[in-house]
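Student: kindly generate the corresponding structure for this input.
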Amino acid sequence: MARLHDEYKEKHTKAMQEKFGIKNVMDIPKLDKIVINMGVGAAIGDMKILDSAVADLTKITGQKPVVTRAKIAVSNFKLREGMPIGCKVTLRRATMYEFMDRLINFCLPRIRDFNGVSRKAFDRQGNYTLGISDQSIFPEIDAGRIQYQQGMDITFVFNKGPQEYTMELLRLFGMPFVKPRKPQEQLA
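Tutor: Residues are numbered from 1 along each chain as shown. Have a look, this model is predicted:
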């Protein structure tokens, strides 16, 4: 098993039960999948950019990505329905935990001037989306061979739970959230 999955089973479930007063272990949120999406709008003019993005995402995740296609035509962007405009990968089980471990402990600290990730990127179901502007933070990518700089969205999908529960679980996994700012004391 992956290291983070062992930690989840042994430590994090007990910590979540104590903090939130959860009696049933099945009520604790569990990470269901991680979806990594690269939108490559520049691929409309040059298909080599999309091929480069697919190759980079394959190196990063260890899985072959699915090429996503446009659902509607937009004439202002010279986009026709069915044109390839991105790629995505869905990670589950052990590969999901291994990717998350590499992301949190190795890749995020490599970002220049990194202060932490936003606390405001949760949706109503408690899922968290993280945007990365450059794929070169991953050690699998050789920074000298990057032809096209490409960003990506990484979504952590949970089976259930409000935002507070999933945020605490991500914090226990080691996600470096930005510390909340304290309101400045007013001078009298």
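Student: buried sites along the longest helix along the chain?
Tutor: Secondary structure assigned by DSSP state H gives helix 47-61 as the longest helix of the chain. Taking 16 or more other C-beta atoms under 10 Å as the basis for neighbour counts, the residues of helix 47-61 that come out buried are I49, L50, D51, S52, A53, V54, D56, L57, I60, T61. Backbone N, C-alpha and C define where each C-beta goes, glycine included.
Student: and if you look at stretch 20-32?
Tutor: Within stretch 20-32, the residues that qualify as buried are I22, I28, P29, L31, counting by 16+ other C-beta under 10 Å.
Student: look up phi and psi at the second one.
Tutor: As for I28, its main-chain torsions (degrees, to the nearest 10) stand at phi -80, psi 130.
Student: do you know the pLDDT at the spatially closest residue to it that is not a sequence neighbour?
Tutor: By the measure of C-beta to C-beta, 6 or more residues apart in numbering, the closest residue to I28 outside its immediate chain neighbours is M16, 5.0 Å from it. Per-residue pLDDT puts M16 at 88.
Student: I figured M16 hits K23, correct?
Tutor: No: the pair M16 and K23 does not pass the contact test of C-beta atoms under 8 Å, sitting 11.5 Å apart.
Student: give me the helices and strands touching the strand or helix carrying L169, please.
Tutor: When elements are defined using DSSP states H and E, L169 is found to belong to helix 163-173. Helix 163-173 makes packing contacts with helix 3-7, helix 13-20, strand 128-132, strand 152-158 when contacts are defined by 3 or more C-beta pairs under 8 Å, 6 or more residues apart in numbering; DSSP states H and E.
Student: what about 7 Å?
Tutor: helix 13-20 (3 or more C-beta pairs under 7 Å, 6 or more residues apart in numbering; DSSP states H and E).
Student: pull out the buried positions in the helix it packs on.
Tutor: Of the residues in helix 13-20, those buried by neighbour count under the rule 16+ other C-beta under 10 Å are T13, M16.
Student: who touches that helix?
Tutor: Residues outside helix 13-20 that contact it (C-beta atoms under 7 Å, 6 or more residues apart in numbering) are I22, V25, I28, Y165, E168, L169, L172.
Student: which of the buried residues of helix 47-61 sits closest to G39?
Tutor: A53 (9.1 Å; C-beta to C-beta).
Student: please list all residues in contact with the closest one.
Tutor: Neighbour list for A53: M38, V40, C87, Q150 [criterion: C-beta under 7 Å, 6+ apart].
Student: how near is it to A15?
Tutor: Distance of A53 to A15, computed by C-beta to C-beta, to the nearest Å: 38 Å.
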